[in-house]
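Could you look at this predicted model? Sequence included:
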Amino acid sequence: MFPAALVAAGLSASANAETLTAAPNQPLQALLDGARAGDVVELAPGEYHGAIRIDRPLVLAGRPGAVLDGGAAGNVVTVSAPDVTIRGVTVRGSGRDLQAMNSGIFLQKTAERATIENNRLVGNLFGVYVHGAAGSRVVGNVIEGLRGGRLSEAGNGVSLWNAPDVTIADNTIRYGRDGIFTISSRKDRFVGNRFEQVRFAVHYMYTNDSEVSGNVSIGNHVGYAIMYSNRLAIRGNVSDRDRDHGFLFNYANYSEIDGNRVTGGPLDAVIGKVEEGPDDEPGMIPEAKRRQVLRSGPEKCVFIYNTNHNKFRDNWFERCDIGVHFTAGSEGNEITGNAFVGNRNQVKYVGTRDLDWSKGGRGNYWSDNPAFDLNGDGVGDTAYRPNDLVDRVLWTAPSAKVLINSPAVQVLRWAQAQFPALLPGGVVDSHPLMAPPLRREAGNAR
């Protein structure tokens, strides 16, 4: 009888729900305080003053042109009740207090199962802050953070703390510090988002058993920074011309990283064409500016640091200064079926152990591997080594590059080819692929 009574009560509340229409000259908080659970509060076009608080389950919906302005103080919207939906509203003008976590929309721990969808959040310190609100959804929003200031004084597009079972999907996030920042959470999904002009597109800290898939990062400092997190599924993401790293893994363990794509290329599409300045000679662009445009793209496609027991499969790493930087005792990783294409240095390995990046007779594709395949099985007849003694010297003493074309270096490399025992410990691919795996279209490029 008790469950039946609950169902009946829910049906009764739904049947009695009303749509309350707000006008710009009407105190919005008073209307919210007078609404009942399940009501829809609809904002007519115009500007409304925050800060407002929603302390009962209802829908706050905006017609085109409805704007909530926080007046640069506190949170524009604070939600404390469960099952609240906010949709179709432009939310702007939060305060600038980082310690107070001033946000466009702030979801308190009691705001479980909130839905924030199809809004525009502009000029807030934090766009949406999910502060423990389990089961919430942040979907289809455009979030544009603060511009023109220091990154240390900016907030994130979406911040998430200790909020399990949260979905952040199909948002476009620009400006501010990080696109999505998560810490101390679990079982979350970040899917199909697009990030531009932020520091880290996705920044993971102590968040386990979660998914990052189908996201696109374009022209940011770092695409995906995955730190101190375990058992993740990282699939089908794109890092396009991010500055420092496509992917950065630091103590990320027992995860599956597959079908992702990191590509470099001229950055003028991201930073704009470099034009002559007032102090430049006519028709001349200074060398520093020219290098900024013509550099190959990310410094490192992927940086693997103290990262263990992961599976890197079928990823595409192209046109970076370094394809993969592998260091700090990372152990037990499977690296197979990946394509390393046109990177200036395919691998930077800092360590003394021999690592074989192949498994079950299948390795990776290396665009600079001049191997033969006499039996036509698609696998090179000889192993591929991305580094030798000369590379080891260059990693530890970069100034030695001035000797790279000297006769002594050429003799050393000839000797290594004749006597493989001279080769240092490091990465070897015993079964290199002769052709890159079929390139899958990763991400949700829109």
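Cool, got the structure. Predicted, not measured: the structure shown is a model, and the values here were computed from it. Numbers count the residues shown, from 1 in each chain.

What average pLDDT does the helix or strand hosting S159 get?
If you go by DSSP states H and E, S159 is part of strand 158-161. Per-residue pLDDT over strand 158-161 has a mean of 98.

Sheet-wise, list the partners of it with their directions.
When pairing is defined by DSSP bridges, strand 158-161 lines up against strand 126-131 (parallel), strand 180-186 (parallel).

Off-centre distance for it?
Centroid displacement of strand 158-161 relative to its chain, using C-alpha atoms, centre = their mean, to the nearest Å, is 13 Å.

Could you list the residues in contact with it?
Residues from elsewhere that reach strand 158-161 (C-beta atoms under 8 Å, 6 or more residues apart in numbering): 101, 103, 126-132, 138, 143, 166, 168, 171, 173, 179-185, 188, 207. (Glycine included, C-beta is placed from N, CA and C.)

mind listing what's buried in it?
For strand 158-161, the neighbour count (16 or more other C-beta atoms under 10 Å) marks V158, S159, L160, W161 as buried.

With respect to A435, which of these is nearest?
Nearest to A435 among those: V158, at 39.8 Å, using C-beta to C-beta.

Bridged to the residue nearest to the spatial centre of the chain, which residues?
In the chain, the centroid-proximal residue (C-alpha atoms, centre = their mean) is V202; its distance is 2.9 Å. Beta-bridge partners recorded for V202 (DSSP bridges): I180, Y224.

need the contact list for it.
Residues near V202 by C-beta under 8 Å, 6+ apart: D178, G179, I180, F190, F195, V212, N215, S217, G223, Y224, A225, I226.

which two from these end up farthest apart in space?
Using C-beta to C-beta, the contacts of V202 span at most 14.7 Å, a distance reached by F195 and I226.

of the two, who's got more company?
Between F195 and I226, counting by other C-beta atoms under 10 Å, F195 is the more crowded of the two (28 against 24).

Disregarding flanking residues, what is the spatial nearest neighbour of A169?
V191 (4.4 Å; C-beta to C-beta, 6 or more residues apart in numbering).

what about the one you found, how many residues close to it?
Quick note: V191 (other C-beta under 10 Å) scores 20 neighbours.

Near the residue nearest to G426 when sequence neighbours are not counted, how many other residues are there?
Sequence neighbours aside, Y349 is the residue nearest to G426 in space, at 4.8 Å (criterion: C-beta to C-beta, 6+ apart). Here the number of neighbours of Y349 (other C-beta under 10 Å) works out to 21.

hang on, Y349 packs against T327?
Yes. With contact defined as C-beta atoms under 8 Å, Y349 counts as touching T327 (7.3 Å).

Pretty sure R241 sits against V216.
No. Distance between R241 and V216: 11.3 Å, which falls outside the contact criterion (C-beta under 8 Å).

Tell me where this structure is predicted with low confidence.
The chain contains residues with pLDDT under 70 at 1-15, 266-297, 352, 388-405, 408-425, 439-446.

Would you state the helices of it in chain order?
Under the criterion DSSP state H, the chain carries helices at the ranges 2-15, 28-34, 268-271, 287-294, 389-396, 407-418.

From N215, how far off is G376?
Between G376 and N215 the computed distance is 38 Å (C-beta to C-beta, to the nearest Å).

what do you get for A81?
Note on A81: its distance to N215, by C-beta to C-beta, is 30 Å.

Give the residue from the two that has the larger number of neighbours.
When A81 and N215 are compared on other C-beta under 10 Å, the one with more neighbours turns out to be N215, at 32 against 17.

pretty sure that one contacts R189?
No. Contact criterion C-beta under 8 Å: N215 and R189 do not qualify, at 10.8 Å.

intersection of neighbour lists for the two?
Joint contacts of N215 and R189 (C-beta under 8 Å, 6+ apart) do not exist.

ok, back up a step: identify the residues contacting the residue nearest to G426.
By C-beta under 8 Å, 6+ apart, the contact set of Y349 is F326, T327, L355, P386, N387, G426, V427.

One more: W357?
Listed by C-beta under 8 Å, 6+ apart, the contact partners of W357 are I335, T336, G363, N364, V427, V428, D429.

can you check L355 too?
Going by C-beta under 8 Å, 6+ apart, L355 touches F326, Y349, G426, V427, V428.

number of nearby residues for the third one?
Here the neighbour count serves as a burial measure; for G426 (other C-beta under 10 Å) it reads 21.

One more: the fourth one?
Each residue near V427 was counted by other C-beta under 10 Å, and the total is 21.

Quick check: bridge partners of it?
On the basis of DSSP bridges, V427 is bridged to L355.

Relative to N345, how far out is it?
In this view, V427 and N345 are 12 Å apart by C-beta to C-beta.

Now do the shared contacts for the two.
Common neighbours of V427 and N345 (criterion: C-beta under 8 Å, 6+ apart): P386.
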